[in-house]
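Enquirer: Got a predicted structure here, sequence first:
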Amino acid sequence: MDNNSIPPRLIEGTVVGRTDWTEKLFSLKIQASMMPFKAGQFTKLALQTPEGEWQRRAYSMINAPNEKILEFLLVTVPEGDLSPRLDILQPGDKLYVGQDPAGFMTLDEIPEAARDLWLLSTGTAIGPFLSILADPASQQQFERVVLVHAVRKEEELVYRERIAEIQQRFGDRFHYIPVVSREKVSYALSGRIPQLLSSGALSEFSGVELDPINSFFLLCGNPEMVHDCRDTLQEMGYKKHLRREVGQFTSENYW
């Protein structure tokens, strides 16, 4: 491929590792020299079609910012343009990565007054939260952290070994709440995050009280969950966090 045909701010990367979690859910490890990023940010993955068209989509990094190998959690959408092509990549294959990270769902955007960090995610949107929890700053910044991961089936509860490592580092300051909606799982809650939030089930499961003074929420996942959680939090007395006005939650659609 002629380098002149590569769109600006895309760089070549090489797949160096792959994990298949389910038939549609997989992770790629990629070697690429992108610019430094903050935990919680995203970049673009891209491939060119045989017709010369560039297909690209935003994905969050899972790895800590100080790690050289980039890692992404992906799901194949059968009718999608890019994800089925990413799904066939194997170690040694080439793809393209956005050189510049983006996104404001980062630790330095959270008010200093926040003591309890709630990370509410669905599906592959657990990715940026794993990056945040891999950043040593998250241990220093908060007294307690609650990670909520909602999926349809138990097999989609990915990165459990890594979550166990996070638990070991944080000790009893870290609480992991799996939520499974289409199967009954003994160690998981059942239902949807907005209802579990409003009913107090998340607080009861974790033992962490909801408190507008100390609690801060990051919402990341499918737009319906994010929208409903925003509404629920506002009904509970929480405000959206803005740079010009301190609030208690911020969100990012991951779809």
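Expert: Sure, I can see it.

Enquirer: Could you list the domains of the chain?
Expert: 3-98, 107-253 (automatic domain parsing).

Enquirer: and these as TSV, adding mean neighbour count?
Expert: Bear in mind the C-beta positions are built from the backbone N, C-alpha and C, glycine included. Shown next, in TSV, are those (neighbours: other Cβ atoms under 10 Å):
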stretch	mean neighbour count
domain 3-98	16
domain 107-253	18
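
Enquirer: could I get the ones you listed as TSV with mean pLDDT?
Expert: Converted to TSV, these look like this (pLDDT from 0 to 100):
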stretch	mean pLDDT
domain 3-98	96
domain 107-253	96
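
Enquirer: Tell me the neighbouring strands of whichever strand in the chain runs longest, and mark each as parallel or antiparallel.
Expert: Determined from DSSP state E, the single longest strand within the chain is strand 10-20. The pairing partners recorded for strand 10-20 under DSSP bridges are strand 25-31 (antiparallel), strand 94-98 (antiparallel).

Enquirer: which outside residues touch the first one?
Expert: Counting by Cβ atoms under 8 Å, 6 or more residues apart in numbering, the neighbours of strand 25-31 from elsewhere in the structure are 13-21, 62, 68-76, 86-87, 89, 95, 97, 124, 156, 158.

Enquirer: which residues of the stretch 51-200 of the chain fall in helices?
Expert: With DSSP state H, counting those that start in this stretch as the criterion, the stretch 51-200 of the chain has helices at 83-87, 127-134, 137-141, 160-170, 193-199.

Enquirer: Identify the residues contacting residue 231.
Expert: residue 194.

Enquirer: Assumed it was part of a helix.
Expert: Yes - applying DSSP: H, G, I helix; E, B strand; the rest coil, one finds residue 231 inside a helix.

Enquirer: Any figure for the gap between residue 253 and residue 129?
Expert: 15 Å (Cβ to Cβ, to the nearest Å).

Enquirer: Check residue 175 too.
Expert: 13 Å.

Enquirer: Quick check: neighbours shared by the two?
Expert: In contact with both residue 175 and residue 129: residue 147, using Cβ under 8 Å, 6+ apart.

Enquirer: Need the distance between the two termini of stretch 161-179.
Expert: 17 Å (Cα to Cα, to the nearest Å).

Enquirer: coming back round to it: could I get the helices of the stretch 51-200 of the chain in TSV, plus columns for distance to residue 235?
Expert: TSV is the format used below for the helices of the stretch 51-200 of the chain (distance: least, Cβ to Cβ, whole Å):
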stretch	distance to residue 235
helix 83-87	35
helix 127-134	24
helix 137-141	27
helix 160-170	30
helix 193-199	7
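
Enquirer: Return the residues in contact with residue 49.
Expert: residue 55.

Enquirer: same deal with residue 118?
Expert: 145, 146, 148, 202, 208, 215, 216, 217, 218 are the contacts of residue 118 under Cβ under 8 Å, 6+ apart.

Enquirer: now, which of these lie within strands?
Expert: Per DSSP E, the subset of those in strands is 145, 146, 148, 215, 216, 217, 218.

Enquirer: List just the nearest of the residues you listed to residue 8.
Expert: Closest approach to residue 8 among the ones in strands among the contacts of residue 118 (Cβ to Cβ): residue 218, at 30.7 Å.

Enquirer: What residues are bridge-paired with the closest one?
Expert: On the basis of DSSP bridges, residue 218 is bridged to residue 119, residue 250.

Enquirer: quick one: contacts for it?
Expert: Taking Cβ under 8 Å, 6+ apart, one finds 40, 105, 110, 117-120, 129, 132, 249-252 in contact with residue 218.
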